[in-house]
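Colleague: next come a sequence and a model predicted from it.
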Amino acid sequence: MRRILACALVCLAGIRVTAGWVHRPVRVHSPLASPVRVRGPSTRQAVKEPSPALERAYSVAGVATIAAWVACAIVALTSHPTLKLPVRHQYLTIAQALTPVPLAGYVFMSLGRSAGKEGWWAMGRSTYRRLNLGVATVSLWLATAVIFGPSFSAGYNLYSANFVKLISTTHFATALFCLMVWLRVVNTSPPPRALSRLVRGIIGSIWGLIPQTSETGTSSSSGSASQLDDPDSPAGSDGRNEYAVASALFLWFAVMPNLVGFPLAVVPTILGKSLSRAASAWTLLAAVVAYVLKDASQRGRIHSGTTFRYLRYGLIASSGAHLLLVALKLAGIDGGRAALREFYPGTLACPKVALASLVMHALVLFAALTPPAKVAKKASTAAVAVSSEPVASAAAAPAAPASAGNLSIGQRVSWNGTPGTVRYIGPISLAPGEWIGVELDSGNGQHDGTIMGVRYFVCSNAAGGVFAKPEQLQIEA
């Protein structure tokens with residue numbers, strides 16, 4: 001019963017960390033001052049300045065967490081409680097348990113580097129809030145798996161009392177640290193506000209796994225209705241689809257070993273009864289990272305900074321190593337294949353489950369190895385273009401931005417073959433970067449020039465406006 005309750009909690013937490021939150025528009029109070037004080041998702045102010053102490057804390061937490069897992073893997077897998085297996089089989093299984101280490105290392109490196117560069121302001125951004133919650137959930141799960149070891153390993157008592165105290169304390173400390181960082185940047189007190197945030201996040205995460213595109217409902221030049229299924233379009237080639245499917249599979253295989261019995265529970269990680277359920281925590285972290293990269297891809301931010309590059313490296317190293325070791329085990333190079341067939345007769349009888357668990361690693365590896373081409377930013381002209389259309393509130397409208405390349409207000413363009421007129425050039429609150437607001441002649445757009453309560457331009461038709469990147473437009477002759 002304890003295991004079922006714990007599994008339900010980690011399932012809810014896992015869904016929660018993949019959730020996306022809608023941000024309020026960032027307000028820069030002093031754009032020329034340093035450090036810059038901004039209003040983020042928290043009601044308190046965050047300062048955009050380096051925090052070496054926070055960076056060091058992430059480094060210490062990362063080293064301690066990884067060392068604790070390595071120690072657990074060595075102690076649990078050095079010898080099998082009931083089978084006499086070849087030594088090379090034990091070494092290969094320990095190596096299998098260590099495949100999540102590169103992913104964990106790059107996650108902590110991303111958090112620490114961003115904290116050292118931009119401090120608490122960076123921790124308030126959605127990417128780092130998700131990563132903090134992901135690490136906290138993983139650490140809590142690993143601590144629980146050590147404390148209730150026999151419940152997680154088919155009754156095997158693998159660790160001594162002092163070992164359990166040391167490892168569980170390490171994981172609880174990391175979880176507490178990451179949760180405190182998250183609580184500070186979101187300011188979720190009193191508790192009812194935190195609870196409502198969790199509920200909304202769980203519900204929103206279900207829809208958040210579905211890839212999004214601003215082109216949905218329109219037809220591309222090649223005839224695609226959604227653009228997500230068209231490899232020639234940005235939405236169909238930037239990796240968001242692959243990351244979304246991989247994230248869903250990782251999330252399922254993080255929960256599945258704790259809901260089913262052995263030997264089926266060992267299939268996703270192939271670690272046997274000793275460590276397979278504990279290792280599902282790292283599968284959950286992979287789900288969070290895949291979701292973060294899916295979100296970055298659909299926002300056009302996959303090449304922005306080093307964070308997303310580090311996360312891709314982590315997935316490449318971890319999933320690549322996992323697939324390689326599985327191939328070696330299936331080839332029988334460890335000498336334990338015959339014994340495993342005899343002891344786990346049901347493992348090889350569920351090829352569909354085993355294949356699906358390998359597909360998620362292959363899919364995320366493919367997406368991480370084939371990112372979209374990096375598009376060079378277009379130089380802005382010196383002239384400042386301001387929309388000639390009236391706005392509902394001067395305070396809500398953003399500052400007049402510079403025009404992008406050779407685009408200007410009032411210019412005739414076409415978007416996915418539909419002609420229209422440029423009405424706005426500049427940043428929007430929904431996504432970073434420079435965007436072009438276009439009023440379509442057909443009126444078959446997505447809004448009237450208003451996003452998240454901020455009006456950027458006015459359309460004669462209630463649904464005639466769209467926002468697009470400059471490279472998505474063609475200038476009409």
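Modeller: Nice, thanks for sending it over.
Colleague: so which elements touch the helix or strand containing residue 177?
Modeller: Applying DSSP states H and E as the criterion places residue 177 in helix 161-186. Packed against helix 161-186 by the contact rule (3 or more Cβ pairs under 8 Å, 6 or more residues apart in numbering; DSSP states H and E) you find helix 52-77, helix 101-123, helix 126-147. Bear in mind the C-beta positions are built from the backbone N, C-alpha and C, glycine included.
Colleague: residues of the shortest one that come out buried?
Modeller: Spelled out, that is helix 126-147. 126-147 (16 or more other Cβ atoms under 10 Å).
Colleague: the following helix or strand past it: how far from the chain's middle?
Modeller: Remark: after helix 126-147, the chain's next helix or strand is helix 149-152, criterion DSSP H and E. Helix 149-152 has its C-alpha centroid displaced from the chain centroid by 29 Å (Cα atoms, centre = their mean, to the nearest Å).
Colleague: give me the angle between the helix holding residue 177 and helix 52-77.
Modeller: Between helix 161-186 and helix 52-77, the angle comes out at 150 degrees (axes from the mean of the first three to the mean of the last three Cα atoms, to 10 degrees).
Colleague: buried ones in helix 161-186?
Modeller: 163-164, 167-168, 170-175, 177-179, 181-182, 185-186.
Colleague: which residues touch residue 305?
Modeller: Not one residue lies near residue 305 by Cβ atoms under 8 Å, 6 or more residues apart in numbering.
Colleague: next up, the contacts around the nearest residue to residue 52 once chain neighbours are set aside.
Modeller: Nearest non-adjacent residue to residue 52, counting by Cβ to Cβ, 6 or more residues apart in numbering: residue 116, 6.0 Å away. Neighbouring residues of residue 116 by Cβ under 8 Å, 6+ apart: 50-52, 54-55.
Colleague: weed out the non-buried ones from these.
Modeller: 51, 54-55.
Colleague: isn't residue 61 right up against residue 178?
Modeller: Yes. Assessed by Cβ atoms under 8 Å, residue 61 is found in contact with residue 178 at 7.5 Å.
Colleague: now do the helix or strand where residue 296 lies: distance to the chain's middle.
Modeller: Per DSSP H and E, residue 296 falls inside helix 272-298. With Cα atoms, centre = their mean as the basis, helix 272-298 stands 10 Å off its chain's centre.
Colleague: mind giving me the packing neighbours of that helix?
Modeller: With 3+ Cβ pairs under 8 Å, 6+ apart as the test, helix 272-298 has helix 2-17, helix 52-77, helix 87-97, helix 101-123, helix 126-147, helix 240-255, helix 307-330, helix 351-369 packed against it.
Colleague: so for residue 464, which of these sits nearest?
Modeller: Taking Cβ to Cβ, helix 240-255 is the member of the helices and strands packed on helix 272-298 nearest to residue 464, at 26.6 Å.
Colleague: just checking, what packs against the closest one?
Modeller: Helix 240-255 packs on helix 2-17, helix 272-298, helix 351-369, going by 3+ Cβ pairs under 8 Å, 6+ apart.
Colleague: brilliant, that's me finished.
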